[in-house]
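Colleague: below are the sequence and a predicted model; questions follow.
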Amino acid sequence: GCLLCAMHRLLLKRQQGLPNAQLVEKLRASETFEHLFSNVPATLAKVAQQLRTTHAFPPSLITDLNIIDEHMMGDTPTYPAKHCGLNGCIQPTSTRNVFCALGGVEVLLDVLRAGLVQEKGVSVAPCTIALNALRELLEKMPGLGHDLGSRDSVVLLLFDYLKRKEFFDCTAPILENVLEGQTVAFDLEQVEGLADLVHAKQGVRWAELCRLLATVCTSPSRLAVHERIAMARGGRHAAETVLAKNKIRLEKNIAFLLRIPDFMDKILAFLAAKSVDDISSADDPDSDLPDPWRRQVTDAERPDMLRCNAAWCKAEACVVLHSLLTSAQAADVQRVLLDRQFSTLLFNALHSLAENRATAAADNVKAAETELHIHLLLILAVYAGVSPETRASLYTEAELSATDLPAMDPYLLCQSDTGLLDMLCRDASTVPARSPLRVFLCSCLETVLRKCSGVEKEHLDRRCKLLQLLKQDILVLGAQPVLSSENLLLLRAQLDLLGEVIKHSEPLFAAFCGSFGEFEFTSLTRVCTEYLVPAAVFVRSVYLLSTHVSNRLTNFFTARDKRVQIICYLLQTLDVKKLTEDNLCCLNTVLVLFLTDPDPDNTAQILQLIHDGEVVSVRLKIFENFVGLLRFWKVFFTCTEEQNQLAQGTGIPFAEWQKLVSGLLTPEDRSSSLAFWCKKIGQTQWF
């Protein structure tokens with residue numbers, strides 16, 4: 001085995017054209033099998049034995065750990081299969097794999113455990129080397145984070161090191177990696193002195209701590225969505241168990257953070273800070289900078305560095321605030337935010353970023369501020385949906401009087417010349433089309449408008465000419481022969497927003513349809529037909545309105561052949577194995593096309609047209625895909641919250657959705673079921 005490994009590596013280097021003498025010298029110097037597979041295991045065994053016997057740092061520990069760090073953590077090659085006889089291993093392996101197989105990770109953890117009980121004055125170098133080695137392993141071996149994350153004792157050990165100032169910087173990324181690898185959320189109440197840690201950290205270290213807390217407090221609702229998708233694809237019982245356990249843990253974590261005195265105030269102070277001096281440590285600001293800035297900066301670089309630092313810190317504070325707002329305790333968070341005039345704080349932060357866009361800055365500064373802008377928009381979208389009170393607070397006193405929202409204390413409203421939604425509508429038309437910010441602005445408005453009444457939508461359109469702006473942008477994008485990926489995302493965001501604006505508002509829909517000339521109407525219908533997946537939400541809104549409104553746009557889409565064409569296209573495009581939150585709306589659009597057909601026998605007629613109009617291979621794919629998608633849909637919408645959102649968003653009671661899906665999936669031999677038509681093409685195993 002030793003000889004084969006050495007010969008293999010020798011032959012590889014000979015192929016690169018190196019002289020034989022140089023090959024042999026390099027092999028003897030650093031890459032012999034004996035040095036790689038004998039020296040390090042011996043060192044590991046020595047360190048492990050000493051630590052487990054004395055629980056103290058032996059004098060030679062730094063030297064031994066440096067041997068491990070030098071030979072195990074560098075960029076090392078992968079050895080071919082069967083060239084390593086370690087424990088009968090026949091799989092390709094690298095020095096890192098060998099290191100872990102020999103118990104190297106446990107030795108590193110033993111070093112860290114021993115480091116917590118060392119007397120004052122003992123060198124902390126072994127702990128630093130062990131943390132750096134562990135960080136390197138986690139970066140190169142993603143599965144290791146999952147393994148360590150399943151052990152609460154390891155997470156608690158890392159939190160103990162996080163509390164020590166000298167180890168915070170090297171521990172934070174390790175802990176983040178481990179927490180992200182967890183299947184079951186960690187219980188924050190196990191960490192002693194966490195409140196003191198929250199109060200002690202400032203500047204960038206506080207921002208890094210926010211990111212860790214956000215990882216532990218991942219939104220239960222969002223986690224539930226991901227796990228319901230996994231549940232729909234298989235393993236339902238296991239997923240339900242994990243989901244229930246996670247929900248309890250995450251709610252406990254959020255409640256624990258909210259009990260920390262002044263925790264919310266510290267987050268809001270971060271977001272309200274006008275300069276980096278309000279964020280960074282006053283004693284040594286440069287020591288608190290993120291990794292890219294930990295060097296001596298020139299006077300010319302410093303202004304950009306400070307702007308980048310401030311944006312990065314605020315973005316991390318946004319992440320944990322977003323987790324709080326999407327939790328089961330959102331109502332408690334809402335009360336705190338209302339009392340602190342959060343809408344005014346958001347307005348000032350967004351307005352400041354909009355002004356910064358007009359000033360010259362380095363690319364990294366623009367990227368950091370764009371990321372912060374996106375985080376603020378995500379928070380705004382969630383905050384507006386918590387309750388009617390939070391949505392009302394987005395308006396000024398004068399604007400609120402023009403809506404049908406309940407009156408509020410003027411102190412709680414947006415203290416500015418215009419409201420937040422007014423500002424977002426205007427920004428959506430001024431931000432460059434290629435900027436990712438443009439997409440998020442449209443998405444934020446669309447999310448907010450889901451909760452708005454028709455009166456609010458009409459008020460916004462009067463102030464900002466929102467329909468006119470969207471129509472112009474969509475027609476300009478649709479006129480391009482080929483859309484880039486960025487423009488395709490923007491088209492989808494604008495069509496989603498347009499669909500939300502006209503939904504449940506007959507006056508706005510009538511105004512929109514009446515504004516089109518013949519050429520513009522043809523262009524719009526062509527865009528919606530060619531880009532059906534991005535246009536799914538808009539098309540669905542048109543079909544929902546078609547039940548009580550009739551005009552040339554509804555007549556175009558509700559023609560029977562067009563209805564069947566859209567259903568066939570979407571069912572061929574969607575794949576149950578690749579279904580996500582983003583394209584789930586396309587499946588709901590398909591079902592809306594069935595639900596809004598006025599013919600009482602519409603389901604059977606549509607299925608027959610699919611059967612008669614497509615070639616055998618295509619209809620086979622459509623029916624098979626439809627069966628899988630509907631079974632996925634039934635499992636996904638077991639959550640009451642999702643059922644209510646679907647019913648409120650479409651105006652169709654959830655019982656009607658269930659009736660349609662159950663009828664399509666019934667094994668009974670009737671023309672309105674998929675089983676009937678599958679038997680006609682010789683497929684019976686699906687039922």
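Modeller: Nice, thanks for sending it over.
Colleague: burial count for the closest residue to residue 438 other than its chain neighbours?
Modeller: The shortest distance from residue 438 to any non-neighbouring residue, by Cβ to Cβ, 6 or more residues apart in numbering, is to residue 431 (4.5 Å). For every residue, glycine as well, the C-beta is placed using N, CA and C. Residues lying near residue 431 (other Cβ atoms under 10 Å) number 20.
Colleague: try the one 5 residues further on
Modeller: Around residue 436 sit 16 other residues, with neighbours defined as other Cβ under 10 Å.
Colleague: I'd say it and residue 371 touch.
Modeller: No: Residue 436 is not in contact with residue 371 according to Cβ atoms under 8 Å; the separation is 9.1 Å.
Colleague: between the two, which contacts overlap?
Modeller: Counting by Cβ atoms under 8 Å, 6 or more residues apart in numbering, residue 436 and residue 371 have no common neighbour.
Colleague: sorry, back to before: quick check, the residue nearest to residue 438 in contact with residue 442.
Modeller: No: judged on Cβ under 8 Å, residue 431 makes no contact with residue 442 at a distance of 9.7 Å.
Colleague: low-confidence stretches in the protein?
Modeller: Residue ranges of the chain with pLDDT under 70: 1-95, 98, 102, 119-122, 219-243, 275-297, 581, 600, 615, 684-687.
Colleague: now residue 274. Nearest residue, chain neighbours left out?
Modeller: residue 352 (7.7 Å).
Colleague: give the helix, strand or coil label for the one you found.
Modeller: helix (DSSP: H, G, I helix; E, B strand; the rest coil).
Colleague: can you give me the neighbour number for it?
Modeller: Neighbours around residue 352, by other Cβ under 10 Å: 12.
Colleague: from residue 182, how far out is it?
Modeller: 37 Å (Cβ to Cβ, to the nearest Å).
Colleague: all the strands of this protein, residue numbers only.
Modeller: 78-79, 93-94 (DSSP state E).
Colleague: what's residue 388 in contact with, if anything?
Modeller: Applying Cβ under 8 Å, 6+ apart to residue 388 gives the contacts 405, 406.
Colleague: do you know how far it is from residue 485?
Modeller: Relative to residue 485, and taking Cβ to Cβ, residue 388 is found at 38 Å.
Colleague: how about residue 157?
Modeller: Per Cβ to Cβ, residue 157 is found 43 Å from residue 485.
Colleague: residue 632 too?
Modeller: Residue 632 is 26 Å from residue 485, by Cβ to Cβ.
Colleague: nearest spatial neighbour of residue 405, skipping sequence neighbours?
Modeller: Residue 405 sits nearest to residue 392 (Cβ to Cβ, 6+ apart), 4.3 Å away.
Colleague: was I right to think the one you found contacts residue 400?
Modeller: Yes: with contacts counted by Cβ under 8 Å, residue 392 reaches residue 400, the gap being 5.9 Å.
Colleague: next, show the common contact partners of those two.
Modeller: Contacts common to residue 392 and residue 400, judged by Cβ under 8 Å, 6+ apart, are 408, 413.
Colleague: of residue 157 and residue 485, who's got more company?
Modeller: residue 157 (19 against 7).
Colleague: test my guess that residue 389 contacts residue 331.
Modeller: No: the criterion here is Cβ under 8 Å, and residue 389 misses it with residue 331 at 10.1 Å.
Colleague: between those two, which is the more surrounded one?
Modeller: Taking other Cβ under 10 Å, residue 389 and residue 331 do not tie; residue 389 has more neighbours (15 against 11).
Colleague: dump the residue contacts of the more buried one.
Modeller: Residues near residue 389 by Cβ under 8 Å, 6+ apart: 334, 338, 406, 408, 412.
Colleague: what about the residue nearest to residue 185 when sequence neighbours are not counted, distance to residue 391?
Modeller: Spatially, and ignoring its direct neighbours in sequence, residue 185 is nearest to residue 249 (4.1 Å; Cβ to Cβ, 6+ apart). Distance of residue 249 to residue 391, computed by Cβ to Cβ: 30 Å.
Colleague: which residue packs closest to residue 607, ignoring adjacent ones?
Modeller: residue 677 (5.3 Å).
Colleague: so what's the residue count around the one you found?
Modeller: 20.
Colleague: quick check: residue 410 vs residue 206, distance?
Modeller: Going from residue 410 to residue 206 by Cβ to Cβ gives 33 Å.
Colleague: of those two, which one has the most company?
Modeller: residue 206 (23 against 10).
Colleague: would you confirm that that one contacts residue 320?
Modeller: No: with contacts defined as Cβ under 8 Å, residue 206 does not count as touching residue 320, sitting 10.4 Å away.
Colleague: one step back: show me what contacts the residue nearest to residue 405?
Modeller: Residues in contact with residue 392 (Cβ under 8 Å, 6+ apart) are 400, 403, 405, 406, 408, 413.
Colleague: how close does the last one get to residue 429?
Modeller: Right, residue 413. According to Cβ to Cβ, residue 413 stands 25 Å off from residue 429.
Colleague: excluding its backbone neighbours, what's nearest residue 350?
Modeller: Once flanking residues are discounted, residue 350 sits nearest to residue 376: 5.8 Å by Cβ to Cβ, 6+ apart.
Colleague: distance of that neighbour from residue 370?
Modeller: 11 Å.
Colleague: neighbour-wise, which of these two wins?
Modeller: Neighbours per residue, other Cβ under 10 Å: of residue 376 and residue 370, the larger number sits with residue 376, 23 against 19.
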